[in-house]
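**Student:** show me how the following folds:
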Amino acid sequence: RHREPLMRLSIFHTPNLAAANLTQLLLGGAWIPMWFFLNLYLQQVLGYSAFPSGAALLPMTVLIMIGMITLAPQAINRLGPKPTTITGLLLLTAAMAWLSQISPNGDFATDVLPASLLAALGMSLAFIPSLGTAISSARPEEGGLASGIVNTSYQVGSALGLAAMTALAAANGSSRTGDLPALTNGFSAAFIGTAGIALTGALIAAATLRTRTTAPADELTASHG
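**Tutor:** This is a model prediction of the structure:
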């Protein structure tokens, strides 16, 4: 009702903005629970203490940095933002499905490292172009508003995804402390759930994102990396 509202709701009528925000919401809903349950698997099943379990995820963190700085911009420039986003989400789906194969007698090198690196690649390819699509869809003077909306979407998706996957894991045995097979079944169920979220994101991105030019990939990486 105000002449200059803090956020005009009609901004969501902007082509691609709502679609990109939904993609970011689902991306957060898949990515954050994966980190949470991967840490629990490392500590509660494989027996890692807090510091080694954090260090075990450093390869994934390094690949995300490399992917967002170099691989994602190159993919966007070559393929465009929509195909890059979809590819990233499909890779993330495959990584989550791979992680769902964890076992009570697993080890880091075979059960965690390969799938986590694939997840990092998928995340870097999906995050940058979907973020860029959301921001570049708004009018130049509303770029800050678009950025705030898309970051909020990602955080809300992360919270909702983690809550849902925690309930799913608990229903499948993760609440049975000390029972390694039950814990593994619960964590595996959560990874299957996150795979479903990532796949839903890929399908929605394919159906709703329009092919258009986003802000230059290197600028997005510099300002939001």
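**Student:** contact partners for the closest residue to Phe108 other than its chain neighbours?
**Tutor:** Excluding the flanking residues, the one nearest Phe108 by C-beta to C-beta, 6 or more residues apart in numbering is Ala56, at 5.7 Å. No exception for glycine: its C-beta is placed from N, CA and C like everyone else's. Contact partners of Ala56, counting by C-beta atoms under 8 Å, 6 or more residues apart in numbering, are Leu42, Tyr48, Phe108, Val112, Leu113.
**Student:** list phi and psi for Ala56.
**Tutor:** Main-chain torsions, Ala56, degrees, to the nearest 10: phi -70, psi -20.
**Student:** ok, back up a step: just the buried ones among the contacts of Ala56, please.
**Tutor:** By neighbour count, with 16 or more other C-beta atoms under 10 Å, these hold Leu42, Tyr48, Val112 as buried.
**Student:** nearest residue to the second one in space, please, no chain neighbours.
**Tutor:** If you skip the residues right next to it in sequence, Tyr48 has Leu42 as its closest partner in space, 4.5 Å away by C-beta to C-beta, 6+ apart.
**Student:** residues in contact with the one you found?
**Tutor:** Listed by C-beta under 8 Å, 6+ apart, the contact set of Leu42 reads Tyr48, Pro52, Ser53, Ala56, Phe108, Val112.
**Student:** I'd like the buried ones among the contacts of Ala56 laid out as TSV, including pLDDT, distance to Leu25 and secondary structure.
**Tutor:** Below are the buried ones among the contacts of Ala56 laid out as TSV (pLDDT from 0 to 100; distance: C-beta to C-beta, whole Å; DSSP: H, G, I helix; E, B strand; the rest coil):
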residue	pLDDT	distance to Leu25	secondary structure
Leu42	95	27	helix
Tyr48	93	31	coil
Val112	94	26	helix
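**Student:** any chance of those in a markdown table, plus distance to Arg8?
**Tutor:** Shown next, in a markdown table, are the buried ones among the contacts of Ala56 (distance: C-beta to C-beta, whole Å):
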| residue | distance to Arg8 |
| --- | --- |
| Leu42 | 45 |
| Tyr48 | 49 |
| Val112 | 45 |
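**Student:** for the residues you listed, which one is nearest Ala167?
**Tutor:** The closest of these to Ala167 turns out to be Leu42 (C-beta to C-beta; 21.4 Å).
**Student:** how near is the closest one to Pro114?
**Tutor:** Going from Leu42 to Pro114 by C-beta to C-beta, to the nearest Å gives 15 Å.
**Student:** and the furthest pair within the contacts of Ala56?
**Tutor:** Maximum pairwise distance in the contacts of Ala56, criterion C-beta to C-beta, is 13.1 Å, between Tyr48 and Leu113.
**Student:** re the thing from before, TSV for the contacts of Ala56, including distance to Phe36?
**Tutor:** Formatted as TSV, the contacts of Ala56 follow (distance: C-beta to C-beta, whole Å):
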residue	distance to Phe36
Leu42	11
Tyr48	15
Phe108	17
Val112	14
Leu113	18
